[in-house]
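Novice: quick one, structure for this:
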Amino acid sequence: MKTAFSRRDFMKLAGMLTASAALPKHLTEVFAAGLERLAESTRVVWLQGQSCSGESISLLNSIDPNPADLLTRYITLVIHQNIGAAQGQTFMDTLDKARLTKDYILVVEGSIPLNMPKACIIGGRTFEAILLEMIPDAKAIVAAGTCAAFGGIPAAEGNPTGSAGVKDFMEHHHLSWRGKLINCPSCPTHPMSIVGTLAYLAAGRFPEIDETLLTPKMCYHHSTHDQCPRYHDFERKIFAEHFGQPDGCLFKLGCLGPLTHTECPHRQWNSGVNWCIRASAPCIGCSWQDFCRKKDFPLYRIGEASHAVSYTEHDRSGGTL
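Specialist: Okay, the predicted model is just below:
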């Protein structure tokens, strides 16, 4: 049984969600209302396909609240393949009971193997078949991580599984995603991005999303480049020449910040201690829709010849290099 929270507890976490991402103050009330519903009534069903469990691990790295409180007190997590205790037929029965309620938010982690359904089996059933049952009755669907959002590494060029993100999967099966699907990419997704999106949905609202990327604008509106603390160096054309250099724009070292939309510059990682740019490492574009999709995709590019020091408004919306 969950320990009762006070209004103060919900407002505290809601305030953190708002402040850490530099969001408008009025969203604190929305998050607080959503967190209260997540704790008391709104069910969350979390399913994993082709993934490394990175989003689940990221969620377990939550600091305030800690993982135990987050998963047992703040979120009514009905089922999860790694975190939950249910196994075998008990797991499948619990999943089916959740589906029959038609009152749950479905979180999908990992891609779906369209060309090789048996590459991903849960309880003797294909992941594809399970999603076809769970998606229609879900109140909303959150594609957590770049694999679930855009296919990610499992969808890399030449992969025989034909892996796809949730949107492509839904279109493949003629399922409507408009007003229902939200992408929360990154590899992995920041735990507060997931919690904030779930809270917003639980509050009975559907966030304003980017029409191309289907990402919630409250979390992914700006490119990493636009919010980069080294942006002034880019403007002055002062570029870092080697990894670890404490100053200078990292563009010549392959930074993909202009194509990447994340909350990293605001929330950072490891309890707000650090993130790629602060560690003097270029952004590798892990939330970009084409991340690792091509065989020759280099995580680090050196030299302006292969990576021009310029980009357009189309690039800001997820364009290609």
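Novice: what about Ala19, distance to Phe91?
Specialist: 38 Å (CB to CB, to the nearest Å). In this view, the C-beta of every residue, glycine as well, is placed from N, C-alpha and C.
Novice: please apply the same query to Leu198.
Specialist: Counting by CB to CB, the gap from Leu198 to Phe91 is 21 Å.
Novice: which stretches of the stretch 151-300 of the chain form helices?
Specialist: Assigned by DSSP state H, counting those that start in this stretch, the helices in the stretch 151-300 of the chain fall at 166-172, 191-202, 217-220, 224-227, 231-235, 264-267.
Novice: need the winner for burial among those.
Specialist: Ranked by mean neighbour count, these are led by helix 191-202 with a mean of 26 (mean count of other CB atoms under 10 Å).
Novice: dump that helix to PDB, restricted to CA.
Specialist: Taking C-alpha atoms only, helix 191-202 is exported to PDB below (Å, rounded to 0.1, in the frame of the first residue of the first chain):
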ATOM      1  CA  PRO A 191      14.200  10.500 -15.900                       C
ATOM      2  CA  MET A 192      12.600  13.800 -15.300                       C
ATOM      3  CA  SER A 193      11.500  14.100 -18.900                       C
ATOM      4  CA  ILE A 194       9.600  10.800 -18.500                       C
ATOM      5  CA  VAL A 195       8.100  11.700 -15.200                       C
ATOM      6  CA  GLY A 196       7.100  15.200 -16.400                       C
ATOM      7  CA  THR A 197       5.500  13.800 -19.500                       C
ATOM      8  CA  LEU A 198       3.600  11.200 -17.600                       C
ATOM      9  CA  ALA A 199       2.400  13.800 -15.000                       C
ATOM     10  CA  TYR A 200       1.200  16.100 -17.800                       C
ATOM     11  CA  LEU A 201      -0.800  13.300 -19.400                       C
ATOM     12  CA  ALA A 202      -2.200  12.100 -16.100                       C
END
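Novice: and it, what other elements does it pack with?
Specialist: In terms of contacts (3 or more CB pairs under 8 Å, 6 or more residues apart in numbering; DSSP states H and E), helix 191-202 is packed against helix 7-20, helix 27-40, helix 54-60, strand 104-109, strand 140-144, strand 181-184, helix 217-220.
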